[in-house]
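>>> Task: produce atomic coordinates for the following.
(2 chains)
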Amino acid sequence: MKANIAFGVLALLVAWGLAASAGLVDSFFLPGSLETFQELGDLLAGGEIGDDIALTLGRIAAAFSIAAAIGLPAGLALGMQPSLFERLEFLVDFFRSIPATALFPLFLLVFGISDSSKIAVAAFSSALIILFNTAYGVRHAKKARLQAARLMGANRRQLTSIIFWESLPQTLVGMRTAVSLSIIVIVVTEMFIGTSAGIGRLIVDFQYVYNVPGMYAAIFLAGVIGYLANLAFALLEKRVVHWAGR
Amino acid sequence: MRDAIAVRGLHKSYGEMGVLGRIDLKVAPGEIVALFGPNGCGKTTLMDILAGLVKQEKGSVAVEGRDAFACSYLTQNYRDSLLPWLRVRGNLGFPLRLRGHTKGQVADAVQAIADLSPVRLNLDAYPYQLSGGQQQILAFLRALITKPSILLLDEPFSALDYENTLAMRTLLQRYWQEHRPAVLAITHDIEEAVHVASRILILSRKPSRIVRVVRNPSPYPRPPSFLASAGFKKAKDNALSAFLAGVSL
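Model (predicted):
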């Protein structure tokens, strides 16, 4: 796996270097990788963007936590009641299909230009993903397993615990997707709703002043956060639901 | 003494298709009975009804102690009945944990039941790390751990090789001699039926009925060497004749 990652990074750097040095792209729009990483190093070493990173991470963590706190129990409850799930499936699917960006004005009206609106819109869209995946996992729980537990005398609480474990692989898929969506929505809202600090704000600010290497450095940071969050969930899945599908 | 299992005039159909015609069946406490019949004749449906998973249309079913979970059912779908997130140890002790036994009691019972097994199971492995046969043994041992008064077994050794099948039949008899549960076992193997059961019920094609009852009074325990005895051959011939007559081959 490490070799694959190294290969991917190397391929990106080579392609980037070739495109820049061969003049395939205007160097103003695509500065060299060395220049970009030097800018990133300076920004990090100078401590100028520490607050931006911390604020963005804080907003992502808040949005994702709220989404999980709502989506998980609601998904479990919905999945365990097939008739209710069937009645609400359309609504969940419909709201899930609305682009989060289309909801910015509504959340701005409700929460105002503040962190709350950014967190709320990210939490809303992520919660639906977690809810749907959890409910789906519950609905597809193996009946033989539940039957066996019932025959052994499992009570309602014990059956719920089995259903929770059964749904966990799909729930984690939902959480992985949701954390990526939270990052996207938070960065986009920082760019367009307006904030004093944040990685999204950095990207826009650097663009305004034509600091293109700085802009790429901030985009790269957002990518790193997304990748690491995804990696954390992939590792969690490997550790917690190693038994899934076997 | 009340019958462990008493079924009277049982009917079951799926849509227009009759599966169980009219089943009358009794299993006494401490008796081992085998159900033998052609594919698709409703043996598993009958077991599901006895376990309370499926409702009958007509007739009465009484399974002593079922509501108090004194009845263990090893289904054909043993693989899906195991909990993949628990290790072998956790799966074996799961029925006891559900009943609120302490950790120490569960650990002792798990060790005791694992020691009974002729096939060594790695208690720290996960079910997916076991072979199909070992998974079936795990499900079988889990069915025994609660010391049920009734055991319903649906092809309990179908995934095992011959050596392990013989070993598990011996284990079943050893366990039965110690705890005396009533056992009703579905099998597709006439040798298995004759080896372990004192009564073999032959089912017809569907809508199925019990068309023959073969008595097999050979004393227990019946070690593997029993399979080479004249008593076994005679009982097997009787069972085979009854089967051929019963299903009109």
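>>> and residue 27, how many neighbours?
I'll assume chain A. Residue A:27 is flanked by 13 other residues according to other CB atoms under 10 Å in any protein chain shown. Bear in mind the C-beta positions are built from the backbone N, C-alpha and C, glycine included.
>>> my question was about chain B
When neighbours are counted by other CB under 10 Å, residue B:27 comes out with 23.
>>> Report the beta-bridge partners for it.
For residue B:27, the beta-bridge partners are residue B:5 (DSSP bridges).
>>> dump the residue contacts of it.
Residues in contact with residue B:27, defined by CB atoms under 8 Å, 6 or more residues apart in numbering or on different chains, are B:3, B:4, B:5, B:33, B:150, B:182, B:183, B:184.
>>> Let's see if you can find the most crowded of those residues.
Going by other CB under 10 Å, residue B:184 tops those with 28 neighbours.
>>> Need the max-distance pair from the contacts of residue B:27.
B:3 and B:183 (13.6 Å; CB to CB).
>>> Next, name the residue at the spatial heart of chain B.
residue B:153 (1.8 Å; CA atoms, centre = their mean).
>>> For the host helix or strand of that residue, which strands pair with it and how are they oriented?
Taking DSSP states H and E as the criterion, residue B:153 maps to strand B:150-154. Counting by DSSP bridges, the strands paired with strand B:150-154 are strand B:71-74 (parallel), strand B:182-186 (parallel).
>>> In CSV, list these along with mean pLDDT.
Shown next, in CSV, are the strands paired with strand B:150-154 (pLDDT from 0 to 100):
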stretch, mean pLDDT
strand B:71-74, 95
strand B:182-186, 97
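>>> Pretty sure residue B:44 sits against residue B:153.
No - in this structure residue B:44 lies outside contact range of residue B:153 using CB atoms under 8 Å: 11.4 Å.
>>> Could you name every residue contacting both of those two?
With CB under 8 Å, 6+ apart as the test, residue B:44 and residue B:153 both reach residue B:186.
>>> Up against chain B, what does chain A have?
A:142, A:144-145, A:147-149, A:151-155, A:158, A:162, A:165, A:168, A:241-244, A:246 (CB under 8 Å from any CB of the partner chain).
>>> Just the buried ones among the residues you listed, please.
A:142, A:144-145, A:147-149, A:151-154, A:158, A:162, A:165, A:168, A:241, A:243-244 (16 or more other CB atoms under 10 Å in any protein chain shown).
>>> Show me the contact partners of the strand holding residue B:153.
B:4-5, B:27, B:43-44, B:47, B:50-51, B:63-66, B:70-76, B:140, B:143-144, B:181-186.
>>> related to what we said a few turns ago, now, among the contacts of residue B:27, which is nearest to chain A?
residue B:150 (11.6 Å; CB to the nearest CB).
>>> which one is the closest one nearest to, not counting chain neighbours?
residue B:71 (4.2 Å; CB to CB, 6 or more residues apart in numbering or on different chains).
>>> so what's residue A:147 closest to, chain neighbours aside?
residue B:53 (5.9 Å).
>>> same thing with residue A:101?
residue A:188 (6.4 Å).
>>> what do you get for residue A:176?
Using CB to CB, 6+ apart, the nearest residue to residue A:176 is residue A:233, at 4.0 Å.
>>> Okay, and which of the residues of chain A next to chain B map to helices?
The helices, defined by DSSP state H, take in A:144, A:145, A:147, A:148, A:149, A:151, A:158, A:162, A:165, A:168 from these.
>>> Turn the residues you listed into a markdown table, including distance to residue B:208 and pLDDT.
Below are these laid out as a markdown table (distance: CB to CB, whole Å; pLDDT from 0 to 100):
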| residue | distance to residue B:208 | pLDDT |
| --- | --- | --- |
| A:144 | 23 | 90 |
| A:145 | 29 | 92 |
| A:147 | 23 | 91 |
| A:148 | 25 | 93 |
| A:149 | 30 | 94 |
| A:151 | 24 | 92 |
| A:158 | 36 | 95 |
| A:162 | 34 | 95 |
| A:165 | 38 | 95 |
| A:168 | 41 | 96 |
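>>> low-scoring stretches of the chain, by residue?
Answering for chain A, as no chain was given. Low-confidence segments of chain A (pLDDT under 70): A:1.
>>> ah, I was thinking of chain B
Using pLDDT under 70, the flagged stretches of chain B are B:248-249.
>>> sorry, back to before: just flag the most distant two among the ones in helices among the residues of chain A next to chain B.
Longest span within those, CB to CB: A:151 and A:168, 22.7 Å.
>>> hang on, the earlier thing: now distance to residue A:224 too, for the contacts of residue B:27, in JSON lines please.
Output for the contacts of residue B:27, formatted as JSON lines (distance: CB to CB, whole Å):
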{"residue": "B:3", "distance to residue A:224": "70"}
{"residue": "B:4", "distance to residue A:224": "66"}
{"residue": "B:5", "distance to residue A:224": "65"}
{"residue": "B:33", "distance to residue A:224": "67"}
{"residue": "B:150", "distance to residue A:224": "61"}
{"residue": "B:182", "distance to residue A:224": "65"}
{"residue": "B:183", "distance to residue A:224": "62"}
{"residue": "B:184", "distance to residue A:224": "62"}
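>>> State the helix or strand in which the residue nearest the centre of chain A lies.
Closest residue to the average C-alpha location of chain A: residue A:180 at 1.7 Å, with CA atoms, centre = their mean. In this structure, residue A:180 is located in helix A:156-192 according to DSSP H and E.
>>> try residue B:111
helix B:103-116.
>>> In space, what's closest to residue 246 - neighbours in sequence excluded?
The chain I'm using is chain A. Residue A:246 sits nearest to residue B:128 (CB to CB, 6+ apart), 3.6 Å away.
>>> wrong one, chain B
That would be residue B:211: by CB to CB, 6+ apart, it lies 3.8 Å from residue B:246.
>>> Cheers, nothing more for now.
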